[in-house]
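[1] Everything below, folded, please.
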Amino acid sequence: MLETVKNAFKIKDIRSKLIFTLLMLVVVRLGCELPVPGIDSKVFSDFIASQMNTDTTKNAFSLVDAFTGGSFMNMSVFALNITPYITSSIIMQLLTIAIPKLEEMQREGEDGRKKIASITRYVTVGLALIESSAMAIGFGRTGKLGADFGTLDIITVIAALTAGSAFIMWIGERITENGVGNGISIVLTINIISRIPEDLRSLWRQFVTPQFQAKEYGDGTIAMLLIAVIIILTVILTVILNGAERRIPVQYAKKVQGRKMVGGQSSHIPLKVNTGGVIPIIFASSLLQLPGVISSFFGSGSATGWQKFLAFLNSGSWFRKGAWVYSWGALFYVVLVVFFAYFYTSITFNPMEVAENMKKSGGFIPGTRPGKPTQDYLNKVLNYIVFIGAVGLIIVALIPIFFNGVFGASVSFGGTSLIIIVGVILETMKAIESQMLVRNYKGFLTD
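    Residues are numbered from 1 along each chain as shown. Next up, the predicted model:
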């Protein structure tokens, strides 16, 4: 990886793209520290910090804080960050299946994708406007944005947060166009990475510093090594999960075109084991955390029964000594991840369409007849690998949750964040390598 980046900086046009990407990320991080005019960010950050110390809402706000790179907790102009765009992209993917007009646009090729991207931008701005209005009115009326918070301040906050979200989206698209890799994913990744140093310092203070202060140097060293091993093991599992794929062999029949014999070559259909990526984890986590977040906003968590229900849904309560009953929520979480893995795969991969395209182009899977048998075979293989991928996601996601419950090691870079970081880094490296390869081919053809 380091060798790839080193070689890329030797090529002028790729070096320019890398520098442009880095400069845009600097702008993102600066914006995350720029407070919204007219609010007391200290009051808001103290409120969020108090919620993050509550068992029923801790993990929900930790995930939001990680995705926004700390800008939400600081109530900066980028407080919403890239989250409205992520939500609108997911909504558009689901609507593409439900609305025939959008499905037709998707099949139009590049022009259709541009139209869908344009609609996604409008949906992003609309969601940002709704979310910023809810935050400004809800937090403002309860005094969580400062004591003297009036109508003008509400309008200022709505305008600043909506503009900030739109600007972040624009930066992501510019990175995609003029930089390297997927700009939106890179912005999200840099936000998550920015929180890791603070999390590592927190782990050090919690597990290593007390041992060293008590002159228990052996126990401190063991704690330090255990933290490193757990993090490295989780990263390795995530890399394996992202790279694993099932390659289904495809053979093309020979046929005569004019005076030439064409076809007869072999190929394969690459089916990723983790077909849904991080989407099943995000869907499941969001669904579980939504009641706790809403409860914290409206202050409706006083009932004992309701608090127990929220603790059951919140991953921060799972695997805790003396409160194992709440760990049944982890089983519900597992069921949701498996369900969303199959659901998301069903709307992104169509075995019937793949089988028809293979049949039209004269392709077939050895040992399987074209048409319906090929579709059934693809469905069977897909069901197996989706389940394996879901199990892998669950293992990666539950490792940090388990150590959080048993040892109280609460960090923001959990399984969800690690899957995003590893996936985006690998895809960005592939994008850089492909640009270097294209340049080499151009040089060869020119010479």
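[2] Report the contact partners of residue 419.
    238, 241, 242, 277, 278, 281, 393, 396 (CB atoms under 8 Å, 6 or more residues apart in numbering). Placement of C-beta: from N, CA and C, glycine included.
[3] helix or strand for it, which one?
    Element membership for residue 419 (DSSP states H and E) is helix 415-446.
[4] Give me the spatial nearest neighbour of residue 237, chain neighbours excluded.
    residue 396 (5.4 Å; CB to CB, 6 or more residues apart in numbering).
[5] Then residue 274?
    The shortest distance from residue 274 to any non-neighbouring residue, by CB to CB, 6+ apart, is to residue 389 (4.3 Å).
[6] Give me the distance between residue 246 and residue 72.
    Distance of residue 246 to residue 72, given as CB to CB, to the nearest Å: 39 Å.
[7] quick one: which of those two has more around it?
    residue 72 (24 against 17; other CB atoms under 10 Å).
[8] The nearest residue to the more buried one once chain neighbours are set aside - how many residues pack around it?
    Distance criterion CB to CB, 6+ apart; nearest residue to residue 72, sequence neighbours excluded, is residue 79 at 4.9 Å. Number of residues near residue 79 (other CB under 10 Å) recorded here: 28.
[9] Quick check: the gap between residue 79 and residue 162.
    Distance from residue 79 to residue 162, counting by CB to CB: 11 Å.
[10] With residue 95 instead?
    Note on residue 95: its distance to residue 162, by CB to CB, is 22 Å.
[11] where does this protein dip in pLDDT?
    1-2, 51-63, 109, 146-148, 253-264, 292-304, 306, 407-415, 438-447 (pLDDT under 70).
[12] Please name every helix or strand in contact with the helix ranked longest in it.
    The single longest helix within the chain, with elements called by DSSP state H, is helix 372-407. Secondary-structure packing of helix 372-407 (3 or more CB pairs under 8 Å, 6 or more residues apart in numbering; DSSP states H and E): helix 217-243, strand 245-252, strand 266-272, helix 279-298, helix 328-348, helix 351-360, helix 415-446.
[13] most tightly surrounded among those?
    Mean neighbour count, computed with mean count of other CB atoms under 10 Å, is highest for helix 279-298 among the helices and strands packed on helix 372-407, reaching a mean of 19.
[14] Looking only at whichever helix or strand comes after that one, what residues are buried by neighbour count?
    Counting by DSSP H and E, the element after helix 279-298 in chain order, helix or strand, is helix 304-313. By neighbour count with 16 or more other CB atoms under 10 Å, helix 304-313 contains the buried residues 307, 309, 310, 311, 312, 313.
[15] Looking at these, which one is closest to residue 26?
    residue 313 (38.1 Å; CB to CB).
[16] Let me see the contact set for that closest one.
    If you count contacts by CB under 8 Å, 6+ apart, residue 313 has them with 288, 289, 291, 292, 329, 332.
[17] For residue 336, see how far away it is.
    Distance check for residue 313 against residue 336: by CB to CB, it reads 11 Å.
[18] anything in contact with each of the two?
    Taking CB under 8 Å, 6+ apart as the criterion, residue 313 and residue 336 both touch residue 288.
[19] Next, the angle helix 217-243 makes with the host helix or strand of residue 201.
    Using DSSP H and E, residue 201 sits within helix 183-203. When axes from the mean of the first three to the mean of the last three CA atoms, to 10 degrees is applied, the directions of helix 183-203 and helix 217-243 differ by 160 degrees.
[20] C-terminal to helix 183-203, what's the next element?
    Under the assignment DSSP H and E, the closest C-terminal helix or strand after helix 183-203 is helix 209-213.
[21] That following helix - contacts with which helices or strands?
    Packed against helix 209-213 by the contact rule (3+ CB pairs under 8 Å, 6+ apart) you find helix 217-243.
[22] same for the helix it packs on, what does it pack against?
    If you count contacts as 3+ CB pairs under 8 Å, 6+ apart, helix 217-243 packs onto helix 209-213, helix 372-407, helix 415-446.
[23] repeat that with 10 Å
    Using 3 or more CB pairs under 10 Å, 6 or more residues apart in numbering; DSSP states H and E as the contact test, the elements touching helix 217-243 are helix 183-203, helix 209-213, strand 266-272, helix 372-407, helix 415-446.
[24] which residues sit against the shortest one?
    Outside of helix 209-213, the residues that reach it under the criterion CB atoms under 10 Å, 6 or more residues apart in numbering are 201, 203, 204, 216, 217, 218, 219, 220, 221, 222, 223, 224.
[25] could the helices and strands packed on helix 372-407 go into JSON lines alongside distance to residue 133?
    Below are the helices and strands packed on helix 372-407 laid out as JSON lines (distance: least, CB to CB, whole Å):
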{"stretch": "helix 217-243", "distance to residue 133": "37"}
{"stretch": "strand 245-252", "distance to residue 133": "43"}
{"stretch": "strand 266-272", "distance to residue 133": "39"}
{"stretch": "helix 279-298", "distance to residue 133": "13"}
{"stretch": "helix 328-348", "distance to residue 133": "29"}
{"stretch": "helix 351-360", "distance to residue 133": "41"}
{"stretch": "helix 415-446", "distance to residue 133": "27"}
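[26] between these, which gets nearest to residue 187?
    Using CB to CB, the helices and strands packed on helix 372-407 put helix 415-446 closest to residue 187, at 9.7 Å.
[27] How about stretch 89-105, which residues are buried there?
    Buried residues in stretch 89-105, defined by neighbour count with 16+ other CB under 10 Å: 89, 92, 93, 96, 102, 105.
[28] end-to-end on that stretch?
    Using CA to CA, to the nearest Å, the end-to-end distance of stretch 89-105 comes to 15 Å.
[29] picking up where we left off before, JSON lines please, covering the contacts of residue 419 and showing distance to residue 324.
    JSON lines is the format used below for those (distance: CB to CB, whole Å):
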{"residue": "238", "distance to residue 324": "27"}
{"residue": "241", "distance to residue 324": "28"}
{"residue": "242", "distance to residue 324": "32"}
{"residue": "277", "distance to residue 324": "32"}
{"residue": "278", "distance to residue 324": "28"}
{"residue": "281", "distance to residue 324": "23"}
{"residue": "393", "distance to residue 324": "24"}
{"residue": "396", "distance to residue 324": "22"}
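[30] Show me which pair in those residues is furthest apart.
    Largest pairwise distance in these, by CB to CB, is 12.9 Å, between 242 and 281.
[31] List the contacts of residue 402.
    With CB under 10 Å, 6+ apart, residue 402 has these contacts: 230, 315, 318, 319, 327, 330, 409.
[32] Swap in 7 Å and give it another go.
    Going by CB atoms under 7 Å, 6 or more residues apart in numbering, residue 402 touches residue 319.
[33] How about residue 318?
    326, 327, 329, 330, 401, 405 are the contacts of residue 318 under CB under 7 Å, 6+ apart.
[34] Between all of those, which two are separated the most?
    With distances taken as CB to CB, the most widely separated pair in these is 326 and 401, at 11.8 Å.
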